[in-house]
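Novice: Have a look at this prediction, sequence included:
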Amino acid sequence: MNVKEYISSGIIESYVLGLASEAESQEFEQNCVQYPEIAQARTAFEIALEEKMLEDAVAVPLPLKQKIDEKIKSSTFETATEYLEDERTPVRQIGAWRWIAAASLILLVVSLYWTISTTKKYRDLQAQNKELQEKIQQSTAQVSDMQDDMEKLKHPMKTAALKSEDDRAYAIVYWDTVSASRNVYLMINNLPQAPTDKQYQLWALLNNEPIDLGMIEVKQKRLLYQMKNVQNAQAFAITLEPKGGSEKPTTAPIALSNL
Amino acid sequence: MAAKLTYEEHELVSSLRQKNEEAFSYLYEHYSGALYGVIKQIVIDTELGNDVLQETFVNIWRRIDSYDETKGRLFTWMLNIARNAAIDKTRSKGFQQSQKQVPLDGDVIQPSVRPGVDDYGLKRLILKLKDEQRLLIDLSYFQGYTHQQIATALHIPLGTVKTRIRSALTQLRALMQ
């Protein structure tokens, strides 16, 4: 390379004044390292330029320095972000924001998912809880019904067993003859399923006259069914009657007892 | 003289890197006028020029660590910060509205000499150049257009723009001495 020619080509002035392209600048910097003459020529022009510009200095309004000092003192905290702007690396800045945006979006999705799933779990638990409470209420009611029935059985009561001839129907009447109420209870051990249009009816018999003691409505888990009261009776009978019952038995009793 | 300047500059740079405010004040007293002169020749408007000078010195303070003495003198580095800040300002929206600046194209070429603004500093030297050279220096140095933009606007090959600008710069340098 012809160093002298290179020095006088205008590249030095172009580089120093910031008019050289990126490639030209890189090449020039390398040449300065390789050829000290070029670096010296550069410094010579820089000094000449500096002296020329110092000669042509323009008076600066006084308050400016104070403003700059204020900015510098307050800038310690904002340096990081403004530095990025100064360095003209918006790509990096956008990159950072993109990461932050992506991270917050992921966080949002995760927390939404968590909220939804937690809410669902909470609702499920609430429903289960309600169900359990209802079951407990039912069971408590059943237990208390049973206890009531047991209490009733502790009274001294007359009993009468009602049996069909084939033993398929079997029930026991408990008749409280001690208290004035003369309550009648029926304990069903077994009763064949009645046809849908028919119902079992309990009767008391006094001097061969049937007295209606009510319809037998078979409910599950019930020990004693309270029937109508009766003051006097010699026997009890169960007949199969049309639904709703009859005033007098229309069929022969399927089960009959004597006291 | 040159050796002494270099030594002082070396000291100044290391003090600035240590965030020494006295060194910064010295730097400001010594160079603000010179940089303000260049800035005003680019921005013209006093208010905007003040803004640019502020930005320039704040940037010098903050970015002193990125200054590389192997690539040039401190003043050269500061001059380029000032020039870039001033050109950036002329490209900002506010400036374009106030100056009604028109984008560079073949039909509209900014007047390269403005009375009052151009009678000192580099601009006064440029006046001594040929019209065409003056235009090229004005467009590239003071208005910040790239060689490619100038080539397109003036319908001159890129290589020609480059050689003409370089030849104008060497003449400018000769005029400086």
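Specialist: Cool, got the structure.
Novice: Name the next helix or strand downstream of the helix-or-strand element of chain A with minimal mean pLDDT, please.
Specialist: The least trusted helix or strand in chain A, going by mean pLDDT, DSSP states H and E, turns out to be helix A:79-86, with a mean of 46. The helix or strand immediately downstream of helix A:79-86 is helix A:90-154, counting by DSSP states H and E.
Novice: now B:Asn80: how far from chain A?
Specialist: Per Cβ to the nearest Cβ, to the nearest Å, B:Asn80 is found 5 Å from chain A. For every residue, glycine as well, the C-beta is placed using N, CA and C.
Novice: residues contacting that residue?
Specialist: A:Gly18 (Cβ atoms under 8 Å, 6 or more residues apart in numbering or on different chains).
Novice: For it, pull up the helix or strand it's in.
Specialist: Assigned by DSSP H and E, B:Asn80 falls within helix B:74-91.
Novice: got the contact list for the nearest residue to B:His147 once chain neighbours are set aside?
Specialist: Residue nearest to B:His147 in three dimensions, not counting chain neighbours: B:Val161, with 4.9 Å by Cβ to Cβ, 6 or more residues apart in numbering or on different chains. By Cβ under 8 Å, 6+ apart, the contact set of B:Val161 is B:136, B:147, B:150-151, B:154.
Novice: Can you tell me the SS state at B:Glu47?
Specialist: Following DSSP: H, G, I helix; E, B strand; the rest coil, the label given to B:Glu47 is helix.
Novice: Number of residues surrounding it?
Specialist: 9 (other Cβ atoms under 10 Å in any protein chain shown).
Novice: what do you get for A:Ser9?
Specialist: Counted with other Cβ under 10 Å, A:Ser9 comes out at 16.
Novice: name the element A:Asp212 belongs to?
Specialist: In this assignment (DSSP H and E), A:Asp212 forms part of strand A:209-216.
Novice: Relative to that strand, what are the paired strands and their orientations?
Specialist: According to DSSP bridges, strand A:209-216 has the following sheet partners: strand A:198-206 (antiparallel).
Novice: Check which residues of the partner strand are buried.
Specialist: Buried residues in strand A:198-206, counted by 16 or more other Cβ atoms under 10 Å in any protein chain shown: A:199-205.
Novice: Contacts for stretch A:11-19, please.
Specialist: With contacts defined as Cβ under 8 Å, 6+ apart, stretch A:11-19 is touched by A:20, A:24-25, A:28, A:38, A:41-42, A:45-46, A:49, B:72, B:76, B:79-80, B:83-84, B:140-141, B:147, B:165-166, B:169-170, B:172-173.
Novice: and the residue nearest the centre of chain B, what does it touch?
Specialist: When Cα atoms, centre = their mean is applied to chain B, the residue found nearest the centroid is B:Arg83 (3.4 Å). Applying Cβ under 8 Å, 6+ apart to B:Arg83 gives the contacts A:18, B:38-39, B:42, B:141, B:144.
Novice: Return the member of these nearest to A:Ala235.
Specialist: Using Cβ to Cβ, B:Gly144 is the member of these that sits closest to A:Ala235, with 124.7 Å.
Novice: Tally up the residues packed near the residue lying closest to that closest one once chain neighbours are set aside, please.
Specialist: Sequence neighbours aside, B:Ile87 is the residue nearest to B:Gly144 in space, at 3.6 Å (criterion: Cβ to Cβ, 6+ apart). If you count neighbours by other Cβ under 10 Å, B:Ile87 ends up with 19.
Novice: I figured B:Ile87 was touching B:Ile42, is that so?
Specialist: Yes. Applying Cβ atoms under 8 Å, one finds B:Ile87 in contact with B:Ile42, separated by 6.2 Å.
Novice: so what sits against both of these two?
Specialist: Common contact partners of B:Ile87 and B:Ile42 (Cβ under 8 Å, 6+ apart): B:143-144.
Novice: if we can go back for a sec, now, the contacts of stretch A:11-19 that are in helices?
Specialist: The helices, defined by DSSP state H, take in A:24-25, A:28, A:38, A:41-42, A:45-46, A:49, B:76, B:79-80, B:83-84, B:147, B:165-166, B:169-170, B:172-173 from these.
Novice: So for stretch B:53-65, mean pLDDT?
Specialist: The average pLDDT within stretch B:53-65 is 94.
Novice: Let me know how buried A:Glu134 is, in neighbour terms.
Specialist: A:Glu134 is flanked by 10 other residues according to other Cβ under 10 Å.
Novice: Equivalent analysis for the one 10 residues further on, please.
Specialist: Taking other Cβ under 10 Å as the neighbour definition, A:Ser144 ends up with a count of 10.
Novice: Helix or strand with the lowest mean pLDDT in chain B?
Specialist: helix B:93-99 (a mean of 59).
Novice: which intervals of chain B have sub-threshold pLDDT?
Specialist: B:1-7, B:93-119 (pLDDT under 70).
Novice: can you point me to the longest helix in it?
Specialist: Longest helix of chain B, by residue count under DSSP H: helix B:21-43.
Novice: list the buried ones in that one?
Specialist: Neighbour-count burial for helix B:21-43, counted by 16+ other Cβ under 10 Å, picks out B:23-24, B:27-28, B:31-43.
Novice: hmm, who's touching whatever helix or strand comes next after the strand holding A:Asp212?
Specialist: Of the helices and strands lying after strand A:209-216 in sequence (DSSP H and E), the nearest is strand A:225-227. For strand A:225-227, the surrounding residues in contact (Cβ under 8 Å, 6+ apart) are A:173, A:183-188, A:202, A:213-214, A:216-217, A:219.
Novice: pLDDT on strand A:225-227, on average?
Specialist: Across strand A:225-227, pLDDT averages out at 87.
Novice: That one pairs with which strands, and in what direction?
Specialist: Using DSSP bridges, the strands paired with strand A:225-227 are strand A:184-190 (antiparallel).
Novice: Which residues outside the partner strand are in contact with it?
Specialist: Identification of contacts with strand A:184-190 by Cβ under 8 Å, 6+ apart yields A:149, A:152, A:157, A:168-176, A:202, A:204, A:213, A:216, A:218, A:223-230.
Novice: Just the buried ones out of these, please.
Specialist: In the contacts of strand A:184-190, burial by neighbour count holds for A:149, A:152, A:157, A:169, A:171-176, A:202, A:204, A:213, A:216, A:224-225, A:227, A:230, counting by 16+ other Cβ under 10 Å.
Novice: And the contacts of the helix or strand in which A:Lys73 is found?
Specialist: Assigned by DSSP H and E, A:Lys73 falls within helix A:63-74. The contact list for helix A:63-74 (Cβ under 8 Å, 6+ apart) reads B:21, B:24-25, B:28, B:32, B:50, B:53-54, B:57-58, B:61.
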